[in-house]
Structure formats: C-alpha cells, structure tokens
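J.: Generate a structure from the sequence data that follows.
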Amino acid sequence: MRRALGKPPPQAAFDGILLCSHFQPIYSLPHQRQVGYEALLRGIAPGGALLGPFELFAKAIVEHSTGGLDRLSHATHLHNAAQWLPSQTWLFLNVTPPSFIDPGYARQLADLARESGVRPEEIVIELLESGGSDGCAFAHATQAFRSQGFLVAVDDFGAGHSNLDRLLTLRPDIVKLDRSLIHAHQPDLRESVMPKLVSLLHEAGMLVVAEGIETEEDLLLAARSGVDFAQGFLFGKPGPGHSPEEAATQQIETVFDTLAHTRKTRELAMDLLLMPYRTRFAEAAERMWAGVLPEHACEDLLALPCTLSCFFLDQGGRESIPAIQGAGAAPVAARLAPLSKSSIARWDNRPYFVDALAQPQRLIVSTPYLSATGTGLCVTLSIFINYRGESLVLGADLNWERLAATAAGLLPPSA
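T.: Residues are numbered from 1 along each chain as shown. This next block holds a predicted model:
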C-alpha cells in the first residue's frame, strides 16, 4: 500500500462544500480480480448532506468555475487514492473536455500525480465520448497524455450520438460501454450486437469495459460478449476506499462455469439438430460425384423442413446450375424483390465458398449470418466437388432462426 507523498490539496473545499472521493471497483473478467477503481467526486454540504458530481458541477456551471472544480477533483482523488490504492491497480480519473485539450495540462497532472504518490502509468484518463467535436484537438491531447505515461479511456460509448469514426480517430486505450447497451429493451438485438461491437473494438486495439453491471444476467451478457472489464453495483457501490473482492471473484467464476456449460449443451443440441442435414448433404454430394442429376441427388436434403435451397457455384462464385428451392423456402417479400435474383450474383467472397475451395471434399458448416437474399439468418453447408468433369461448390442454405428455435427447446432452463 502506498502513502501520499504530498500534503492534502490546499483547497479541500469548493464554495464552502467539502470535497471527498468515492471509488468504485473495476474487475478484469479473465483475471477474476480488481484491476482498477474509478474515482467519483462527492461533496459534503455545510448541513452534512452528501452531494453527487452532477449537483457539484451544476453549481460550478452557474458560477463559471467548472475548470477549477475539475482540477480540484483530480488533486482530491489523487491524494485520497494514494493512501490505500493497491499496487498494479489503475486509478480512473474523469477529466472534462476543456481540461483534456488544455495545452500543458497533461504535464501538470503528471507532476501532481507523482507528488501525490501515484505514477501516471497507474492512471487512466476518462473522457466523455460526446466530449467535443474537434477530433484533431482531442487526438493531439490523447497523444499528450500518453506521452506522460497515462492511459486514455473514452467513457459512455454507445450513448446518445456516439460516433465510431471519432472513436477511431482518438484511438483510446480503453473504451467504456454505456450502461444502455447492457440494459437495452430488445434482448435479442442486445445479445447479437454486443459481441460484434466488442469484437470490432478489440480489432481496433482497444480494451473494453462494460458499465452498469447490476445483476448476474448483466454479467453473463458482458462475459458472453467478450468484454475485458466490468463495473457496476453487482461488484460494489462507490465507497471511500478499498472494496472486498472475494464475492465478486466467485460471481465471475460462477458465470464462466455457466457459460462453459451452456456452450457445451448448445453445441450438442445444434449438432443433434444439424445431423440429419449434414447426413443428407453428404449423401447429395456423393450422388453428384457419381453423376446423378442435382434435383435427384439433393431430393432428400431438399425435403427437410429447414432447407431453404441447394445451389451450385463455379470456381468464380457464380451460379453454374440453377438453384433448387427446398421445403423451408418462402416467397420473397415484395419489398425485398431487388434481392431475389441470386442467379446473377457473385458469391466467391463468402466464407463458406472460400473455406470449401481451401479444403476440397470437406463438409463446411458456416456460422449464422444474414442472407443477402432477404431470407433472414441462415447457416450454409458447402463442399467442393467434381460433377461430370466440372469443379463446383455444392451448397445448401438452412433457416437458422427456425433451427435455433428448435434448439432452444432442447436446452435445459439453466442454459
């Protein structure tokens, strides 16, 4: 445990209100331990009432002193955290946009941190995602803080008018997802969007924090989405010092166990459901190798309820034999008519096609994806074969939504 090197901030009060710090823990899900604390400003009014940051900054706005309060909060947090913050633990400091882009403040804050007994490398500067429109100024400020040793985080991404282009311009080290993403009212959309958003941020080189984790269901979504860190009332409300971590560690362990069990159960259920389709597809491929006409070779596969179609592509990804509709096919809605002419399309950039060419004679099963022909989510089976002297990719589109609904019926409630 470190000790503050400097004296308490010379101004421990703002307009007669005593300033103090509350800290909320941030956990790494893979490490199952605390890796940081967010410092949150509190004020004690003369009558003893505890004031939150919104009340304090609302007062500062009226008095045109937000910059002074912002910097005073940093001095307060650094002094208070230095007295107990464990080693190898980040301190997250909220910095207002004007302070963030103020030339020279990165160096001033670094000096203040060292005087307090906290190294800049142990500090994460939090900036609101909607903090300003001058992307160039914020990008330069980000580099200035990094040059002093700080990490930089963008807070509340996903709220309001979040701008992905601006985020990619700033290139923060950490992105904190707004709690609205965890608590979205459309569970299906939330469950599908969160993992993809986290994956995109990871590919851009950014670590991800999920905020607003209040229930085990929230934690399950965060872990299933692949976030790195989690923060919320489930792990502890903000307080004046260190938070015990034993209970949170056990909660994370339990969630990982639940996900592992769910994964195995779901994979088994899907394997069972796909088995007849894989079997009939393999039989269709063997028949076409033997020269049987496609409509006869694929007859049993086409009769299965979730088969949308069988299709046949040349090595350029274009239709070489007309596709055949299956029992699961439905008329294309009139409003999606421009997507209906799949016979003139080129499909050689699709993973199922690329994988089939790369692994001849091996049955490929795609991950679920949105069909470009307007049929919703589908899974594609594909294989590279030779038919009457012509090399082609045999494929079958399956209705994923219908298959997944059946799979849900096979899963136990706990999954």
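
J.: ok, the one helix or strand S309 maps to: who's next to it in the sheet?
T.: Secondary structure from DSSP states H and E places S309 in strand 307-313. Strand 307-313 has these partner strands in its sheet, going by DSSP bridges: strand 319-325 (antiparallel), strand 390-399 (antiparallel).

J.: what comes into contact with the helix or strand following the shortest one?
T.: Stepping forward along the backbone from strand 319-325, the first helix or strand reached (DSSP H and E) is helix 351-358. Contacts of helix 351-358 with the rest of the structure, by CB atoms under 8 Å, 6 or more residues apart in numbering, involve 313, 315, 317, 347-348, 362, 364, 366-367, 380-384, 393, 395. All C-beta spots, glycine's among them, are computed from the backbone N, C-alpha and C.

J.: Most neighbours of all those, which one?
T.: Counting neighbours by other CB atoms under 10 Å, the top entry in the contacts of helix 351-358 is S382, with 29 neighbours.

J.: ok so, going back, what is the mean pLDDT for the strand holding S309?
T.: Averaging pLDDT along strand 307-313 yields 96.

J.: Report the central residue of the protein.
T.: V198 (2.2 Å; CA atoms, centre = their mean).

J.: That one sits in which helix or strand?
T.: helix 187-203.

J.: coming back round to it: please identify the buried residues of the strand holding S309?
T.: Neighbour counts using 16 or more other CB atoms under 10 Å place 307-313 of strand 307-313 among the buried residues.

J.: Can you convert those residues into TSV and add a column each for distance to G43?
T.: Converted to TSV, the buried residues of strand 307-313 look like this (distance: CB to CB, whole Å):
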residue	distance to G43
T307	65
L308	62
S309	65
C310	69
F311	67
F312	71
L313	67
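
J.: for those, which one is nearest A82?
T.: Distance to A82 across these (CB to CB) is lowest for L308, with 62.7 Å.

J.: and the residue nearest to A110 when sequence neighbours are not counted, what does it touch?
T.: Nearest non-adjacent residue to A110, counting by CB to CB, 6 or more residues apart in numbering: Q148, 4.0 Å away. For Q148, the contact set (CB under 8 Å, 6+ apart) comprises 106-107, 109-110, 120.

J.: May I ask which two of those residues are separated the most?
T.: Within the contacts of Q148, R107 and P120 form the most distant pair, 9.8 Å apart (CB to CB).

J.: In terms of neighbours, single out the busier of the two.
T.: Between R107 and P120, counted using other CB under 10 Å, P120 has the larger neighbour count: 21 against 14.

J.: Isn't that one up against F150?
T.: Yes - using CB atoms under 8 Å, P120 is in contact with F150, at 5.0 Å.

J.: any common contacting residues for those two?
T.: 109-110.

J.: which of the contacts of helix 351-358 lies closest to Q83?
T.: Among these, T367 lies closest to Q83 (CB to CB), at 50.1 Å.

J.: Wait, a helix at that closest one?
T.: No - judged by DSSP: H, G, I helix; E, B strand; the rest coil, T367 forms no part of a helix; its state is coil.

J.: follow-up on the earlier one: surely the residue nearest to the centre of the chain is in contact with R224?
T.: No - distance between V198 and R224: 9.8 Å, which falls outside the contact criterion (CB under 8 Å).

J.: Would you mind splitting the protein into its domains for me?
T.: Residue ranges for the domains of the chain, per automatic domain parsing: 13-244, 266-406.
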